[in-house]
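Peer 1: here is a sequence together with a model predicted from it:
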Amino acid sequence: MIQAQELSNSDGRSHPDTADLLLAVVRTAGSAAARALQGVGAGEERVRSALAGVERSESPVEGIGPSAELKTVIETAFHGVGYPARSGRISSSSRWPAAAGSRAPRWPRSA
């Protein structure tokens, strides 16, 4: 996400979108996702070239932060791997994952 934000900032935009996330993933050398994309011929230059002809009109959530589409992509990925339930950070009976020894605000669990 940090790389996606940096990419959007370098383009003069205040919020990352799904294209920024895709570029950030393909640029993360050695990651499984980058290797998979490169395995099907989608390296950084090819992805950049393909995105150059695509209109980028995703709006930020509530005027700030990532686009609504990017938020959906990230939430779907987390749900796909069972996060946070599988990580042990949330119990099935709890609505919020507990922070060890902390009373800090906790992440809400989406339905």
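Peer 2: Arrived safely, thanks for sending.
Peer 1: so which strand or helix has the most centrally placed residue in the chain?
Peer 2: Geometric centre of the chain, nearest residue: residue 74, 4.4 Å, by Cα atoms, centre = their mean. Take DSSP states H and E as the rule and residue 74 turns out to sit in helix 68-80.
Peer 1: what separates that helix from the chain centre, distance-wise?
Peer 2: Computed by Cα atoms, centre = their mean, to the nearest Å, the separation of helix 68-80 from the middle of its chain amounts to 7 Å.
Peer 1: who touches the least confident helix or strand in the chain by mean pLDDT?
Peer 2: Lowest by mean pLDDT, DSSP states H and E among the helices and strands of the chain is helix 68-80, with a mean of 80. Outside of helix 68-80, the residues within contact range by Cβ atoms under 8 Å, 6 or more residues apart in numbering are 1, 4, 16-18, 20-21, 58-61, 65-66, 84, 110. Heads up, the C-betas are built off the backbone N, CA and C, glycines and all.
Peer 1: send the alpha carbons of that helix over as PDB?
Peer 2: The C-alpha coordinates for helix 68-80 follow below in PDB (Å, rounded to 0.1, in the frame of the first residue of the first chain):
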ATOM      1  CA  ALA A  68     -13.400   2.500  -3.300                       C
ATOM      2  CA  GLU A  69     -12.400  -0.100  -5.900                       C
ATOM      3  CA  LEU A  70      -9.000  -0.500  -4.200                       C
ATOM      4  CA  LYS A  71     -10.600  -0.900  -0.800                       C
ATOM      5  CA  THR A  72     -12.800  -3.600  -2.200                       C
ATOM      6  CA  VAL A  73      -9.800  -5.500  -3.700                       C
ATOM      7  CA  ILE A  74      -7.900  -5.400  -0.400                       C
ATOM      8  CA  GLU A  75     -10.900  -6.500   1.600                       C
ATOM      9  CA  THR A  76     -11.600  -9.300  -0.800                       C
ATOM     10  CA  ALA A  77      -8.000 -10.500  -0.500                       C
ATOM     11  CA  PHE A  78      -8.200 -10.400   3.300                       C
ATOM     12  CA  HIS A  79     -11.400 -12.400   3.300                       C
ATOM     13  CA  GLY A  80     -10.000 -14.800   0.800                       C
END
